[in-house]
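>>> Okay, predicted coordinates and the sequence, questions at the end:
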Amino acid sequence: MIEKRKICVVTGTRAEYGLLYWLMKEISQDHFFEFQLVVTGMHLAPEFGLTYKQISSDGFEINAKVEMLLSSDTPVGVSKSIGLGIIGFADVFEDLKPDIIVVLGDRSEIFAAVSAAMIARVPVAHIHGGETTEGAYDESMRHSITKMSHLHFTSTEIYRNRVIQLGEQPQYVFDVGAPGIDNIKRLKLMSRDEFEKSINFKLGKKNLLVTFHPVTLERSTAKKQFLDLLVALNELEDTYIIFTKANSDVDGRVINSMIDEYVQSNSDNSIAYTSLGQLRYLSCVKHVDGVVGNSSSGLAEVPSFKKGTINIGDRQRGRIKADSVIDCQPDHSSIRIAISQLFSEEFRKKTRSVINPYGAGGTAEKIVAVLKDI
């Protein structure tokens, strides 16, 4: 009897799980593999929606939980969380003894997992390496994770070349496109009416989805930048706003409390969610006029909907962008100009012919093929 290859997927956030969903599905249903799943970080925190429950309800068995998130978004708190994560993952990997660990992205939870895996001499497969986010310490973590990994699945050929420039062997670096595109191609998205009922909120004639995170390499800019965004939004007429809240980054709670205050004062035309989940999030993108903020999803996934993205500030500086992305400074005046451009007929016409530089789907199948044959 051939021994199955043990593939261990690690996930720490709702957004990352959404990107990993179809890959997890493919691995778990393939008889060549023994699928293992470890959840950590925001999935286990009540304030971020205890999203591990969604993973279980989707039919995935969770093999281990690594508690590491402290109730602090200060630099000291985040650093201590990484330390707790390394301790927890060391025990989990010793217990599960995976053949390969699969991780995505650049967050502190993944940095902790890969650090423990490296010391345990377990090979790591890393998705979304080689990218650039010059305004966040994710940039350094991503490249560090690349150097601790053995297989690399990048979202564009340019990012593949960057991973090779970092010294990785070309035969182990694969351009497979962005996994988020799989969701757009394979999920049956909600109709407008279904989506409205699912969030108990009526969309208006004009609608925006807002997702804003702290720029972690800047010192305490989150409050000022987000306030300028809220002022710009408040000046719009007949526009409905859906907020998704910030992650557990430094100053993330500052943004989330400001969202709550804004929605409380503007409950007739705004609503906020800690987590929409992948189906509702993508359905939301389908039915709004555009996405505003500084999330990577605005660059990687939104262009596939032929919708505009307003990318505020430096958090995503350096990433490859489609022509449907409007870059602007994190101040009130620049944001207002960008929103006017987003709603202009000339810009809408341009976005209808946009090609997403992050591929056209099929990413999960490509990764599974490599995990089998490598």
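Received, thanks.

>>> Just the pLDDT at Ser353, thanks.
Model confidence at Ser353, expressed as pLDDT, equals 95.

>>> give the contact list for it.
Contacts for Ser353 (Cβ atoms under 8 Å, 6 or more residues apart in numbering) come out as Lys306. Using the backbone N, CA and C atoms, a C-beta is placed for each residue, glycine as well.

>>> Phi and psi next, for it.
With angles defined as degrees, to the nearest 10, Ser353 sits at phi -110, psi 10.

>>> and what of Pro179?
phi -60, psi -20.

>>> looking at it, it is touching Leu104, isn't it?
Yes - here Pro179 reaches Leu104: they are 7.3 Å apart, a contact under Cβ atoms under 8 Å.

>>> Which one's more surrounded, the two?
Pro179 (29 against 25; other Cβ atoms under 10 Å).

>>> how close does the more buried one get to Val368?
Counting by Cβ to Cβ, to the nearest Å, the separation of Pro179 from Val368 is 12 Å.

>>> pull the longest helix from this protein.
For the chain, the helix reaching the highest residue count under DSSP state H is reported as helix 75-96.

>>> Adjacent strands (with direction) for the next helix or strand after that helix?
Note on helix 75-96: by DSSP states H and E, the next helix or strand toward the C-terminus is strand 100-104. Strand pairing for strand 100-104, using DSSP bridges, gives strand 5-11 (parallel), strand 124-127 (parallel).

>>> Now do strand 100-104 against helix 75-96, angle only.
150 degrees (axes from the mean of the first three to the mean of the last three Cα atoms, to 10 degrees).

>>> C-terminal to strand 100-104, what's the next element?
Taking DSSP H and E, what comes next after strand 100-104 is helix 108-119.

>>> Pull the CA coordinates from that following helix and hand them back as CSV.
Taking C-alpha atoms only, helix 108-119 is exported to CSV below (Å, rounded to 0.1, in the frame of the first residue of the first chain):
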residue,chain,number,x,y,z
SER,A,108,2.8,37.2,11.4
GLU,A,109,0.8,34.0,12.0
ILE,A,110,2.3,32.5,8.9
PHE,A,111,5.8,33.8,9.8
ALA,A,112,5.5,31.9,13.1
ALA,A,113,4.3,28.7,11.5
VAL,A,114,7.1,28.7,8.9
SER,A,115,9.7,29.5,11.5
ALA,A,116,8.7,26.4,13.5
ALA,A,117,8.5,24.3,10.3
MET,A,118,12.0,25.3,9.2
ILE,A,119,13.5,24.2,12.6
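
>>> can you redo the strands paired with strand 100-104 as a markdown table with mean neighbour count?
A markdown table is the format used below for the strands paired with strand 100-104 (neighbours: other Cβ atoms under 10 Å):
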| stretch | mean neighbour count |
| --- | --- |
| strand 5-11 | 24 |
| strand 124-127 | 25 |
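
>>> got these as a markdown table, with distance to Met42 and mean pLDDT columns?
Formatted as a markdown table, the strands paired with strand 100-104 follow (distance: least, Cβ to Cβ, whole Å; pLDDT from 0 to 100):
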| stretch | distance to Met42 | mean pLDDT |
| --- | --- | --- |
| strand 5-11 | 10 | 98 |
| strand 124-127 | 18 | 98 |
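
>>> would you turn those strands into JSON lines with distance to Glu157?
Listed next are those as JSON lines, based on distance: least, Cβ to Cβ, whole Å:
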{"stretch": "strand 5-11", "distance to Glu157": "25"}
{"stretch": "strand 124-127", "distance to Glu157": "15"}
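
>>> so which of those comes closest to Leu279?
Leu279 lies closest to strand 5-11 among the strands paired with strand 100-104, at 16.7 Å (Cβ to Cβ).

>>> which stretches of the protein have low pLDDT?
Of all residues in the chain, those with pLDDT under 70 make up the ranges 1, 134-137, 216-220, 248-250.

>>> Going by residue numbers, what spans are strands in it?
Counting by DSSP state E, the segments of the chain that form strands are 5-11, 33-40, 64-66, 100-104, 124-127, 151-154, 173-175, 206-211, 239-244, 270-273, 290-293, 308-312, 325-328.

>>> and the longest one, which strands flank it?
Just to be clear, that refers to strand 33-40. Sheet pairing of strand 33-40 (DSSP bridges) gives strand 5-11 (parallel), strand 64-66 (parallel).

>>> Common neighbours of Pro179 and Leu104, please.
With Cβ under 8 Å, 6+ apart, Pro179 and Leu104 have common neighbours Leu19, Leu20, Ile127, His128.

>>> ok, which stretches of the stretch 201-350 of the chain are helices?
Using DSSP state H, counting those that start in this stretch, the helices of the stretch 201-350 of the chain run over 222-234, 252-265, 277-287, 297-300, 332-343, 345-351.
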